[in-house]
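Student: Provided below are the primary sequence and the corresponding predicted coordinates.
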Amino acid sequence: MTTSLIIIAIGGMALGAGSAFIAFARGRLAGVSALLRGAVEGARGDRAWRWSALAGIATAGAVAEHVAPGSLPGSDASPVVLIVAGLLVGAGARIGNGCTSGHGICGVGRASPRSIVASTLFCAVGALVVAAARWI
Amino acid sequence: MKANLLAFLAGALFGTGLIFSRLADPGRVLAFLDLAAGSDPALPITMALSASTFAVLYRAALRPGNWFTRSIERPRPGRIDGRLVFGASLFGAGWGLAGLCPGPAVVSLGALAPGVVWFLPAMLAGLFLGDAPGALVARLRSARWAA
C-alpha cells in the first residue's frame, strides 16, 4: 500500500513536470485536448511541436505495455458506452475549453478561477454519473 | 527542431506520469469518483501533486532571466460563463461514464489498450465537431426570428 502510494506520488509529480515542460517547448500552455485541437486546427508553424508532444505521450504507453504488460488496462465497457463517453468528453473539452490536464493541472496550478470551477465540475458531475450508474 | 524534441520528451514524461499515478487506469478513476464505495485516494494525491509541481515550475519560468524558457504565456483570468459550466459538466459526465479522458486515451492508444478503439475516435469527433450542434440550434433560432 505504501509502495504503491509512493509510485502514485512520483507519477503525480512527473505529470505536473511533464505539463510544465510541454508548455516550455514553445511557451504555450496546453493540456492534451488543446494539443489535439491545435495539432489539427492550429497555424502552420504551430503544429509540429504539438504532434511531437502527443507522440511522446503515446510512446510512453507503447513502452509501458512492452516493459510491463497490463500497466494500461484500458476499459472493458461496452462500445456504446465508450462512444457516448468519448463524444461527451470531446465536446465537453471543446465547449469548456480544456480537459483534466489543461484545467486540472495547468489551470489549477496557475490558480485560474475558471479552471478551478471546471475541475470541480468534472469531479462533481463524474461522481454523480457513477452514483447514478450504481442505481441502474 | 529543438522545441519538437523537448515537446516529445515532455510528452513522454507526462505519459509516464499518467501511468504511474494510475490516472490512465479507468478502474481507478471510477473508484475515485465512486463516493459510495469510499473513494480511491490515488487521484486526489495525483491531482494535488501534479498541479503543485506545475505551479512551482511555471512560477520559475515566469521569472525573467530563467534558463529554461525565454517567454511563456500568461493568460488573463477569464469569465466563468455558461459555456464553461456546460462544457465542464458534459466532460465530467463522459469521464464518469468510462473513466477515460484525453491524456489517458492518447497514452492508451500507444498501448492499444482495450476500449480505446471506440473511445478515441468518438472523443476526436466531439473535440472537432462539438460546437456544431450548438451552432445549428443558434442558426435555426435566428432563422425563425427572421421569418
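Tutor: That came through, no problem.

Student: is residue A:94 in contact with residue B:134, as I believe?
Tutor: No: with contact defined as C-beta atoms under 8 Å, residue A:94 does not reach residue B:134; the gap is 9.9 Å. C-beta here means a position set from N, CA and C on the backbone, and glycine is covered the same way.

Student: out of everything not next to it in sequence, what's closest to the most centrally placed residue in chain B?
Tutor: When C-alpha atoms, centre = their mean is applied to chain B, the residue found nearest the centroid is residue B:102 (5.3 Å). Nearest residue to residue B:102, sequence neighbours excluded (C-beta to C-beta, 6 or more residues apart in numbering or on different chains): residue A:32, at 4.0 Å.

Student: so what's the one you found up against?
Tutor: A:54, A:57, A:99, A:101, A:102, B:101, B:102, B:103, B:106 (C-beta atoms under 8 Å, 6 or more residues apart in numbering or on different chains).

Student: list just the nearest of those to residue B:47.
Tutor: Using C-beta to C-beta, residue A:101 comes nearest to residue B:47 of these, at 10.7 Å.

Student: that closest one and residue A:74: what is the separation?
Tutor: To residue A:74, residue A:101 is 19 Å away according to C-beta to C-beta, to the nearest Å.

Student: quick revisit: looking at residue A:94 and residue B:134, which has the bigger crowd around it?
Tutor: Neighbour totals were compared for residue A:94 and residue B:134, and residue A:94 leads with 24 against 14 (other C-beta atoms under 10 Å in any protein chain shown).

Student: quick one, which of residue A:101 and residue A:74 is more surrounded?
Tutor: Taking neighbours as other C-beta under 10 Å, residue A:101 and residue A:74 compare with residue A:101 leading, 31 against 24.

Student: hmm, that one is touching residue B:106, no?
Tutor: No: between residue A:101 and residue B:106 there is no contact under C-beta under 8 Å: 10.2 Å.

Student: so what does the helix ranked longest in chain A touch, helix or strand wise?
Tutor: The longest helix of chain A (DSSP state H) is helix A:2-26. Using 3 or more C-beta pairs under 8 Å, 6 or more residues apart in numbering or on different chains; DSSP states H and E as the contact test, the elements touching helix A:2-26 are helix A:48-67, helix B:2-20, helix B:42-62.
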